[in-house]
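Student: Fold the following, please.
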Amino acid sequence: MLDLETIFNLKHGDVLHIDHPVRSTCQRWRVTGKVQRWKRDLERFRVPLKHGLYDYGALLPGDERRCHLESECTATGGA
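Tutor: Numbers count the residues shown, from 1 in each chain. Have a look, this model is predicted:
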């Protein structure tokens, strides 16, 4: 689980693991840009991500419960 401080300090190239909903493995996502923040809502953010060759996505508020840094991964089967 990521906290807001960790999310706001993410940089291009950092790797996140997102828990798979069915299997006990993690998907590896890489940060591909700058963390976007909003002035009027300080807890709102958007982190652009990439998985594999063609899959793009974003980390949004509410998704941080399923994510953790690659260095904190404890899943037994890598992805």
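
Student: What strand or helix carries the residue most central in space within the chain?
Tutor: Against the mean C-alpha coordinate of the chain, by C-alpha atoms, centre = their mean, the closest residue is L16 at 4.6 Å. Using DSSP states H and E, L16 maps to strand 15-19.

Student: buried set for that strand?
Tutor: 16-19 (16 or more other C-beta atoms under 10 Å). Where C-beta positions appear, they are placed from N, C-alpha and C, glycine not excepted.

Student: try stretch 60-76
Tutor: 63-64, 66-68, 73.

Student: Okay, and which of the residues you listed map to strands?
Tutor: 67-68 (DSSP state E).

Student: The buried residues of stretch 60-76 into JSON lines, with extra columns for pLDDT and distance to G33?
Tutor: Shown next, in JSON lines, are the buried residues of stretch 60-76 (pLDDT from 0 to 100; distance: C-beta to C-beta, whole Å):
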{"residue": "D63", "pLDDT": "89", "distance to G33": "16"}
{"residue": "E64", "pLDDT": "89", "distance to G33": "17"}
{"residue": "R66", "pLDDT": "88", "distance to G33": "20"}
{"residue": "C67", "pLDDT": "91", "distance to G33": "16"}
{"residue": "H68", "pLDDT": "91", "distance to G33": "20"}
{"residue": "C73", "pLDDT": "84", "distance to G33": "22"}
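
Student: tell me which of the buried residues of stretch 60-76 is nearest to R23?
Tutor: R66 (13.1 Å; C-beta to C-beta).

Student: Excluding chain neighbours, what is closest to Q36?
Tutor: Leaving aside its sequence neighbours, Q36 sits nearest to R46 (C-beta to C-beta, 6 or more residues apart in numbering; 4.4 Å).

Student: what's the helix or strand for that neighbour?
Tutor: Using DSSP H and E, the element containing R46 is strand 45-51.

Student: do Y56 as well
Tutor: With DSSP H and E as the criterion, Y56 is inside strand 55-59.

Student: outside of that strand, which residues touch it?
Tutor: Contacts to strand 55-59, defined as C-beta atoms under 8 Å, 6 or more residues apart in numbering, come from residues 7, 16, 29, 32, 45-51, 67.
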